[in-house]
Structure formats: structure tokens, C-alpha cells
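**Q** prediction below, plus the sequence it came from.
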Amino acid sequence: MRYHHSGKIPQKRHTVFKSEDDKFHYEQLFGTEGFHGISSLLYHIHRPTQIRSISEPKDVTPKIAVDKNVTPRMFKGANVTAEDDFLDSRKILMLNNDLKMGLAKPRKSTEYFYKNAECDELLFVHEGSGTMKTFVGNLEFSVGDYLIVPRGTIYQMEFNTEENVFLIVESHSPIYTPKRYRNEFGQLLEHSPFCERDIITPTFVEPIDEKGDFLIKVKKENQIWDFVYATHPFDVVGWDGYFYPFKFNIKNFEPITGRIHQPPPIHQTFEAHNFVVCSFVARMYDYHPQAIPAPYNHSNIDSDEVLFYTEGDFMSRNHIDLMDFTLHPGGIVHGPHPGAMERSIGKKFTEEFAVMVDPFRPFKITEEAMKVEDPTYKTSWLESEDHSLKDRSQE
């Protein structure tokens, strides 16, 4: 992350800071990992601690259907149920102790405020547009945007239509850009597939000075509490630091290509503790005269591999629809479907877009995922003519 500041801030931190009418502003340190991780300083019109009430919690613990999985699986995201409410729409499909992953199809904007007090959030916009309003400014979003929301961020979602689809990742560790693409000062290097210009920070909005009853839904340890505060949470007159939400569009990822097939780490976009996020984007295929653009078979021994298909036609898979998830568990060999390798030879370019999440500890499968599973996927590599997923070009 890079240093950013917006609005009015004092010349020196932790010093008296008053408004023009001689009223105190109230400083808040906003950061992670104690006082060691990156942080920002926010300056409020009112004390950000004025709690009126806290409700009994609502339990949102995902229900596990498969605790230990070695089966390749496909989940049909198009069949995930849409909900009016932003939080109710979140359907967790896979999880481990490091992250939760799923799909959300909210129809209505949020009147309440929301804070994940435990996890950083990655929201990838598959469909829809709108504005994420936060206490440090607004982020307008549209298809292809990654929204990276640090834990503790208070925000609202305003949608332009009722057709919205988000890939959701909740991470128990901070989500950063890959360390190997940054120098010792944190600057993205020349060979990084994106640079700071591609990272969009919140647009500052004038603070809201209001008293009343303001509902903030707070999530922690799979529980959601309704906190009612006495002042509007978007009363920040200014802030500065390294810790803030931002957006990055997948189409600003510049692909790394080679004469022969390049391994998945070249697609890496973000990292956290025990998992990475990669972006497969439109790109030139390998240009050795005898190159095979389709990926080679691999065992992926140390991590599961999940792909979410968001745009285009993924050349290594047969019969993939947009919004599908494929899960290839660690230690089990997987590779192109029958015919995919042969079809790829001689191809020069692809228009595919997909998000890949590789956890370094196995995923558990939830009941929500099993509701939308295609049970035929695990045998879809068979070359038998009578298999239900045989190449439709032969039907």
C-alpha cells in the first residue's frame, strides 16, 4: 500500500485538532496487527465510541457438508439464490481456518452500515455497479472491480440495479499485493503486472455531522450484532495513512506471457496468510512454434485450487458456464478436459477472465455449495463416448 491522505488533518499526529468554531476533532487509529501493521489516522467530528445499544447476536456460521474433501467438484454459481439483503445474500461455499469464499447476489442497497470486525474482505464484481460508501470516502464500482476492504472498515453498499453478483472472500489475515512485486520501500516494481496508478483510492466526501440512532451491523466469529451508535459514522473530516479500502479492475492486470506455457503464479494479484488470489485475463498465448497453450496436468500437491469463471470461454475446460466454480483439491492430479489440449494448439489469443483462489490448507465444503454442485464433474475427464459430459461437438 502507498501513503494517502484526504480532507483536513493536523500538522502533527496525536496533537490538539479543532474545527473553525473551536470544537475538538477526535482522532482514531485504524489498523491491524496491534501497532505493528499498516494503519491510518482518522479525525472525527464526534467521538466514534458512543454506543447506545447492542443486540443479541445472529449466528451465521456456515454449515459444513464435507469436512475432508479429495473430490474434484464444480459448483454452479448461477443457481445460487439471490436475496434482497446484502448480508443475507452471502452464501459461503468453501472455507478453512484462513478464509471463507462464496457468492453474493444482493438486490437492495443497504440502509444500515456494516463492519467486518474480524476479516479483510475481497469483493469481486461479476455483475452490477454502484457505490461503496465508507467512512474514509466513496468507491464507485462496476464489473471486473476487486474491492479490497480492510477489517474494521464501516461501509454501505448502494446498487444501481437489482442485478448484482459478487465473488466474496473473507480473510482472517490482511490482503496485500504480492511481496515479490514490491521493493523494500513498498513500491511496485517495473515488472509487476500492475502499478500504483491502477489502484483507486476512495474519493473524499464531506463529513456528515448528525446525531441520532445509527445502525452498524458488526460481524465477528460468525456472529452479527446490531450496534446502535449516537452519531453518524461518516463524520470523518480527514485521514491519512496506509490502511484504507481500494479498488483494482481485473482488466488493468497486464498478463505475463512466454514462448511456452507459464505457471499460475504469473497471474498472482493478491496474497494473504496461507492463500493467494490470481487473475486470469485476456492475453496472447504461448508463441513457441510447438507450444501447447493449454495447461499441463499437475498435482497441485500443496494447495487446493478454485477457479471462478467471470467472462469469456475458458479453453482448458469443457462445458463451463459463467459464475461456475471449479475446485481441484490438493494432491489430486488435474488438467485440461479431453480435447482441450488439442484444440488449444495453434491458438494465438484468449479473451477469458477468471479469478483463482489457492488456499494452502484444504477447503471444507458447505451445505450451500452442495445445493448447487454438478455431481458429474469429477468424472468429466473420462474419454468414454457414453459419459454424460462428453465433448458436445461429437453429439
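**A** Now that the structure is in, tell me what you want to look at.
**Q** tell me who's in contact with Val66.
**A** 364-365, 370 (CB atoms under 8 Å, 6 or more residues apart in numbering). C-beta: built from backbone N, CA, C; applies to glycine.
**Q** how about the nearest residue to the residue most central in space within the chain, chain neighbours excluded?
**A** Closest to where the C-alpha atoms of the chain average out (CA atoms, centre = their mean) is Leu122, at 2.3 Å. Spatial nearest neighbour of Leu122, chain neighbours left out: Val169 (4.0 Å); criterion: CB to CB, 6 or more residues apart in numbering.
**Q** so what's that neighbour bridging to?
**A** Met101, Leu122 (DSSP bridges).
**Q** Ser173 is in contact with the residue nearest to the centre of the chain, correct?
**A** No - judged on CB atoms under 8 Å, Leu122 makes no contact with Ser173 at a distance of 12.0 Å.
**Q** low-scoring pLDDT stretches of this protein, where are they?
**A** Scanning the chain with the threshold set as pLDDT under 70 gives 315-316, 384-395.
**Q** repeat that for 80
**A** 1, 300, 313-318, 384-395 (pLDDT under 80).
**Q** got a list of what Arg151 touches?
**A** 32, 116-121, 174.
**Q** now swap in Thr49 and tell me
**A** Thr49 neighbours (CB under 8 Å, 6+ apart): none.
**Q** so how far is Val205 from it?
**A** 22 Å (CB to CB, to the nearest Å).
**Q** what's the answer for Lys251, then?
**A** 26 Å.
**Q** show me what counts as buried in stretch 176-194.
**A** By neighbour count on 16 or more other CB atoms under 10 Å, the buried set for stretch 176-194 is 176-178, 181, 188, 192-194.
**Q** and that stretch, end to end?
**A** One end of stretch 176-194 sits 13 Å from the other (CA to CA, to the nearest Å).
**Q** now swap in stretch 202-215 and tell me
**A** First residue to last in stretch 202-215 (CA to CA) measures 22 Å.
**Q** then stretch 103-112?
**A** 21 Å.
**Q** run the chain-centre distance for it.
**A** 16 Å (CA atoms, centre = their mean, to the nearest Å).
**Q** count of neighbours near Pro57?
**A** 15 (other CB atoms under 10 Å).
**Q** that one and Ile224, how far apart?
**A** 6 Å.
**Q** now do the SS call for Asn138.
**A** The three-state label given to Asn138 by DSSP: H, G, I helix; E, B strand; the rest coil is strand.
**Q** correct me if wrong: it contacts Leu147.
**A** No - Asn138 lies out of contact with Leu147 (CB under 8 Å); the separation is 11.6 Å.
**Q** what is in contact with those two at once?
**A** Joint contacts of Asn138 and Leu147 (CB under 8 Å, 6+ apart) are Met132.
**Q** how about the helices in this protein?
**A** 340-344, 367-371 (DSSP state H).
**Q** which outside residues touch the first one?
**A** Surrounding helix 340-344, the residues in contact under the criterion CB under 8 Å, 6+ apart are 285, 292-294, 315-318, 335-336.
**Q** which of these sit farthest apart?
**A** Within these, two members stand farthest from each other by CB to CB: Tyr285 and Asn318, at 18.4 Å.
**Q** that older thread, just confirm the residue nearest to Leu122 contacts Val277, I think it does.
**A** Yes - in this structure, Val169 is within contact of Val277 by CB under 8 Å, at 7.1 Å.
**Q** touching both of those two, which residues are there?
**A** In contact with both Val169 and Val277: 122, 175, 357, using CB under 8 Å, 6+ apart.
**Q** Gly238: which of the residues you listed is nearest?
**A** Distances from Gly238 to the shared contacts of Val169 and Val277, taken by CB to CB, are shortest for Ile175, at 25.0 Å.
**Q** tell me how far Arg343 lies from Ile292.
**A** 11 Å.
**Q** can you list contacts of stretch 161-171?
**A** In contact with stretch 161-171 (CB under 8 Å, 6+ apart) are residues 77, 90, 92, 98-108, 116, 119-130, 175, 272-273, 275, 277, 308, 310, 323, 355, 357.
**Q** now swap in stretch 358-374 and tell me
**A** Counting by CB under 8 Å, 6+ apart, 62-69, 73-77, 79-80, 91-99, 101-102, 264, 274-276, 278, 300, 302-306, 327, 329-330 sit against stretch 358-374.
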